[in-house]
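>>> next one to model:
(2 chains)
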Amino acid sequence: MSEGARDETDALARCVGAIVDVLIDESRPDLPPCDRRTVVDYVRATLAAMPDHFRLGFRLLALAFDITALPAHGHRFSRLAPAERRAHLEAWRGSRLGFRRSMIAFYTTFACYGLYSLPRAQDRAPVAKIAA
Amino acid sequence: MILRDRSGSGEIETEILVIGSGPGGAVSGTLFAQSGRQTTMVEEGDHLALEAAPHFSREEMLLKYRNAGVGVALGRNKLAWVEGRCVGGGSEVNRGLYHRTPGYILDDWRRRFAVHDLDLAAMAPHFAACEEVARVEYAGSAASDMSRRLQQGAQAQGWLAIEAPRLYRYDRDQGGGVKQSMSATFVRRFIEAGGALLPATRIDRLRRMNGRWIAEGSRRGEDGKRRPVTFRARTVVAACGAVQTPALLRRSGLSHNIGNSLRFHPMVKVVAEFDRDVNQPGDFDPVHQVKEFEPRFGMGCSISTPAMLGVALSSRPGHWDLVAERWRRMGIYYVQSGGGEASVRNLPGFEDPIVRVRFSQGDLSVLGEGLRRLCEALFAAGAQRIYPCLAGYPDLHSPGDLVNLPAVLQASDGSVTSVHVFSSCPMGEDTRRSAANSFGKVHGTDGLYINDASLLCGPTSVNPQGTVMAVAHRNAAEALARRFR
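Modelled structure (predicted):
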């Protein structure tokens, strides 16, 4: 992999991790780091497996999402403080542009699925049966 | 069975190559192998045990679903759908709800597409033969409260509601059972009959040479790397599913009525909250369905684990606490129609096909009406609150709130979904409308068949797996009887 491509991949991974982190904070701010990692890994694995034409589109969108934080906040999204990250994500969630809303809806769906799939203390024993 | 590598170059010769191991491919391949034909069945996904991942879990999505469960048909109103990608295909990941095709559907297909020998009487032996191998049972008294609520609500409205059987062997004493997926039934018989199963093998293209089909693709090794593989076969059966089959055929230069008429059962969902617990850990999958309005629309109950409820309610602030506190009182219910039509096309430079869908105003009106009827049934069943899974729709607290629902569905991204895809290469003798003849032989070709959900001439109204299996059985039996001529 070339240096440029590796930088882009790293930037993408940081941006996706930061998006999922904000979404987790909306409902589970107290989630332990190891569980956060599980949810982020699940979303990244889903992105890696999605249809290749969508994957390309989502890579470009994520990079655009990261960079468009610069004018308003002075840094890329992935380098912002939590409150600024939330503001930037909310701006895209409520955007008049459909593709921006779609992108946030996608991450919300899969982050939520990953989050709710974590074993919960009260349900740990019967989890396999719930799923069946 | 030993496959013959002709030259050590990775080229494998077989009499019949079946591409895909879902309900269509598994049934076809089994009949061919049992008749003594040298049959190879390839599958793009892996060969995994039913218990390789908990059912409807995030692990299962990554292991057994195509593209990890991300399938989106683009258009003004997008539609998200899922398909299986593993040995057994969709039968491994669905609930296995089972119906024989309604007679009026078969009659309609026969008339509109000029399909020979297609009616309930002619199909009955094929349904029966499939049900002998993949057993179909009713849950009966074991059905969950959440599932029964839908039936009770429909009956209170005076509507027809039934319990659908499943491809499942219930063990009521232990509270479990065995799913009758393809990997647990037909695929086993295929292997016992001497068929060769090659998982992790993708076919990219077909071409004709010297009276044989050459199928070129790749096989993923244990190191995860793909290596080229080529098959040479007298007969090829494409059974890759309603999206991948037309994509493969179009990549191979075949396009007559292929990939132009993909259909779904588009579905919208609500979460209903009741005054007491209806959703218990360990409940059997829900099975009740409302038939009163079919074929315009039908209703049913979805898998309602906390994870599924969380996703269904994810656009609502405070969804985590809502689900954590009340998930046992909640169930997910759906209304589905047969509206919308889509195309399947390949994009240069990309492996995955692109799907574009169009819904008419009439299609969206039917879903709008269905959504209102579904909510009526759920309130009649005792729902205290209904949360439509559609952005911008209000929560409903009583039947009086139903006047606030739009008459025409206003669908946001991700709110219209489907788990049933079919009809991309319809069968029939009317060559203006069909891609293959009445028994799946692709028009204008020799030795090339389609035998999966692609062949169905339109929506089945009911869960389509039973139809796909029976049509595949019928067509495979016919091909054997005609000696593939």
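>>> residue 97: how many residues sit nearby?
Assuming you mean chain A. Burial measure for residue A:97: 9 neighbouring residues, criterion other Cβ atoms under 10 Å in any protein chain shown. Where you see a C-beta, it was placed from the backbone N, CA and C, and this is true even at glycine.
>>> oops, chain B please
The number of residues packed around residue B:97, counting by other Cβ under 10 Å, is 21.
>>> against residue B:453, how distant is it?
From residue B:97 over to residue B:453 the distance is 15 Å, taken as Cβ to Cβ, to the nearest Å.
>>> residue B:17 too?
Separation of residue B:17 from residue B:453 (Cβ to Cβ) stands at 19 Å.
>>> and those two? Which one has more around it.
Neighbours per residue (other Cβ under 10 Å) separate residue B:17 from residue B:453, with residue B:453 holding more: 32 against 28.
>>> isn't residue B:98 right next to residue B:167, touching?
Yes: if you go by Cβ atoms under 8 Å, residue B:98 and residue B:167 touch, sitting 5.3 Å apart.
>>> mutual contacts of the two, please.
Common neighbours of residue B:98 and residue B:167 are listed as B:136, B:465 (criterion: Cβ atoms under 8 Å, 6 or more residues apart in numbering or on different chains).
>>> residues in contact with the nearest residue to residue A:66 once chain neighbours are set aside?
With sequence-adjacent residues excluded and distances taken as Cβ to Cβ, 6 or more residues apart in numbering or on different chains, residue A:66 is closest to residue A:15, at 4.2 Å. The contact partners of residue A:15, taken as Cβ under 8 Å, 6+ apart, are A:62-63, A:65-66, A:76-78.
>>> among these, which ones are buried?
Among these, those buried by neighbour count (16 or more other Cβ atoms under 10 Å in any protein chain shown) are A:62, A:65-66, A:76-78.
>>> what would these look like in JSON lines with secondary structure and pLDDT?
Rendered in JSON lines, the data for the buried ones among the contacts of residue A:15 read as follows (DSSP: H, G, I helix; E, B strand; the rest coil; pLDDT from 0 to 100):
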{"residue": "A:62", "secondary structure": "helix", "pLDDT": "95"}
{"residue": "A:65", "secondary structure": "helix", "pLDDT": "96"}
{"residue": "A:66", "secondary structure": "helix", "pLDDT": "96"}
{"residue": "A:76", "secondary structure": "coil", "pLDDT": "95"}
{"residue": "A:77", "secondary structure": "helix", "pLDDT": "96"}
{"residue": "A:78", "secondary structure": "helix", "pLDDT": "94"}
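>>> which two in these are spaced the farthest apart?
In terms of Cβ to Cβ, these reach their longest pairwise distance at A:62 and A:76, which sit 11.1 Å apart.
>>> what is the burial count for the spatially closest residue to residue A:86 that is not a sequence neighbour?
The spatial neighbour of residue A:86 that comes closest, neighbours along the chain excluded (Cβ to Cβ, 6+ apart), is residue A:22 at 5.7 Å. Burial of residue A:22 is recorded as 20 neighbouring residues (other Cβ under 10 Å).
>>> how close does residue A:22 sit to chain B?
According to Cβ to the nearest Cβ, to the nearest Å, residue A:22 and chain B sit 14 Å apart.
>>> so which bits of the helix or strand hosting that residue are buried?
Taking DSSP states H and E as the criterion, residue A:22 maps to helix A:3-27. Residues of helix A:3-27 classed as buried under the neighbour-count rule (16+ other Cβ under 10 Å) are A:11-12, A:14-24, A:26-27.
>>> I'd like to know which of those residues is nearest to chain B.
Using Cβ to the nearest Cβ, residue A:27 comes nearest to chain B of the buried residues of helix A:3-27, at 3.7 Å.
>>> so who does that closest one touch?
Residue A:27 makes contact with A:112, A:115, B:318-320, according to Cβ under 8 Å, 6+ apart.
>>> looking at these, which is nearest residue B:30?
When the contacts of residue A:27 are compared for distance to residue B:30 (Cβ to Cβ), residue A:112 comes out closest, at 39.9 Å.
>>> which pLDDT value belongs to the nearest residue to that closest one once chain neighbours are set aside?
Distance criterion Cβ to Cβ, 6+ apart; nearest residue to residue A:112, sequence neighbours excluded, is residue B:314 at 4.1 Å. The confidence metric pLDDT takes the value 91 at residue B:314.
>>> can you name the residues of the stretch 301-450 of chain B that neighbour chain A?
Counting by Cβ under 8 Å from any Cβ of the partner chain, the positions of the stretch 301-450 of chain B adjacent to chain A are B:305-307, B:309-311, B:314-315, B:318-320, B:323-324, B:347, B:350-352, B:354, B:412-414.
>>> now intersect those with the strands, please.
Judged by DSSP state E, strands contain the following of these: residue B:354.
>>> only the buried subset of the residues of the stretch 301-450 of chain B next to chain A, as a PyMOL command please.
One line in PyMOL is enough to select the buried members of these, burial here meaning 16+ other Cβ under 10 Å:
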select buried, chain B and resi 305+306+307+309+310+311+314+315+319+320+323+352+354+412+413+414
